[in-house]
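*Asks:* Provided below are the primary sequence and the corresponding predicted coordinates.
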Amino acid sequence: MKLIIIYDNKVYKEGIGLKSDWGFSCLIGTADEAILFDTGARGNILLSNMGKLGIDPRMISKIVISHEHWDHSGGLQALVPLVGDVELYRLGKKSPSENMQLVSAEEPQEITEGMYTTGRFKGPVDEQSLVLKGKKGRYVLVGCSHPGVEKIIDAAKQYGNIVGLVGGLHGFNNFSVLEELDLVCPCHCTVHKRKIRELFPETSVDCGVGRLIEI
Ligand SMILES: [Zn+2]
Ligand SMILES: [Zn+2]
């Protein structure tokens, strides 16, 4: 599986016109599908970054919205005329269009082969995260981790040994939780990015638009 960061507070791959903005979006490519996790805040930036990264919206088959904050769901509307028929995994009860078929994400379930949603987690803002099957183990992809990184990782363990964590970690500072991981990519709203890079120089990597992660 391949992950490519499309929307983030920082640009990782300089020189090709990618834009940074407060928000998060990541495309997950499997052998036969492209699944979009979150859509960033602004449709024009999302689409511009997708274009620069050579991502055609028509190849997206499923869209997952981690939680109902504008910086994760704001770009959804702009995709409506550009995608075909897609499944929309969202905790909010609304689809912006008929071609986005709402699928209940309340319960843990398989989204496609080797990819699972944790279902709804209660938090200051309710959120769902994804668990991805990589070569070395399971990777957790998070939006903002509002319900808490520890809680999300614990629940994700039902799908197997967790070896990686990618996404927004918000104010998370219980760093010992990260010791057991082979890959940590702190993105978007993560407050302690620098600290995480310092503590885990071998296993952590910088996030940003254009960052490609193979798992
Ligand atoms: Zn949020
Ligand atoms: Zn956010």
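*Replies:* Arrived safely, thanks for sending. Ligands and ions are numbered 1, 2, ... in the order given.
*Asks:* list the helices and strands the longest helix belonging to the chain packs on?
*Replies:* Across the chain, the longest stretch assigned as helix under DSSP state H is helix 43-52. Under the contact criterion of 3 or more Cβ pairs under 8 Å, 6 or more residues apart in numbering; DSSP states H and E, helix 43-52 touches strand 2-7, helix 76-79. All C-beta spots, glycine's among them, are computed from the backbone N, C-alpha and C.
*Asks:* which residues touch it?
*Replies:* 6-7, 16-19, 21, 23, 25, 39-40, 56-57, 74-79, 82, 209-210 (Cβ atoms under 8 Å, 6 or more residues apart in numbering).
*Asks:* buried deepest among the helices and strands packed on helix 43-52, which one?
*Replies:* Stretch with highest mean neighbour count among the helices and strands packed on helix 43-52: strand 2-7 (a mean of 24; mean count of other Cβ atoms under 10 Å).
*Asks:* same for that strand, what does it pack against?
*Replies:* Under the contact criterion of 3+ Cβ pairs under 8 Å, 6+ apart, strand 2-7 touches strand 25-29, helix 43-52, strand 212-214.
*Asks:* shaky segments in the protein?
*Replies:* Nowhere does the chain drop to pLDDT under 70.
*Asks:* thought residue 163 was touching residue 184?
*Replies:* No: between residue 163 and residue 184 there is no contact under Cβ atoms under 8 Å: 10.1 Å.
*Asks:* looking at the two, which is more packed in?
*Replies:* Comparing residue 163 with residue 184 by other Cβ atoms under 10 Å, the one with more neighbours is residue 184, at 22 against 18.
*Asks:* between whichever strand or helix holds the more buried one and strand 25-29, how big is the angle?
*Replies:* In the assignment (DSSP states H and E), residue 184 maps to strand 183-187. Counting by axes from the mean of the first three to the mean of the last three Cα atoms, to 10 degrees, strand 183-187 lies at 140 degrees to strand 25-29.
*Asks:* got the residues of this structure near ligand 2?
*Replies:* 71, 144, 189 (Cβ under 5 Å from the ion).
*Asks:* the closest residue in space to the last one that isn't next to it in sequence bridge partners, please.
*Replies:* With Cβ to Cβ, 6 or more residues apart in numbering as the measure, residue 168 is the residue that lies nearest to residue 189, at 4.3 Å, once sequence neighbours are left out. Assessed by DSSP bridges, residue 168 has beta-bridge partners residue 187.
*Asks:* residue ranges for the helices of this structure, please.
*Replies:* 43-52, 70-73, 76-79, 149-156, 193-199.
*Asks:* out of these, which gets nearest to ligand 1?
*Replies:* helix 70-73 (6.2 Å; Cβ to the ion).
*Asks:* which residues touch the closest one?
*Replies:* 22-25, 38-41, 65-67, 90, 92, 143-144, 188.
*Asks:* quick one: buried ones out of those?
*Replies:* Buried members of the contacts of helix 70-73, counted by 16 or more other Cβ atoms under 10 Å: 23-25, 38-41, 65-67, 90, 143-144, 188.
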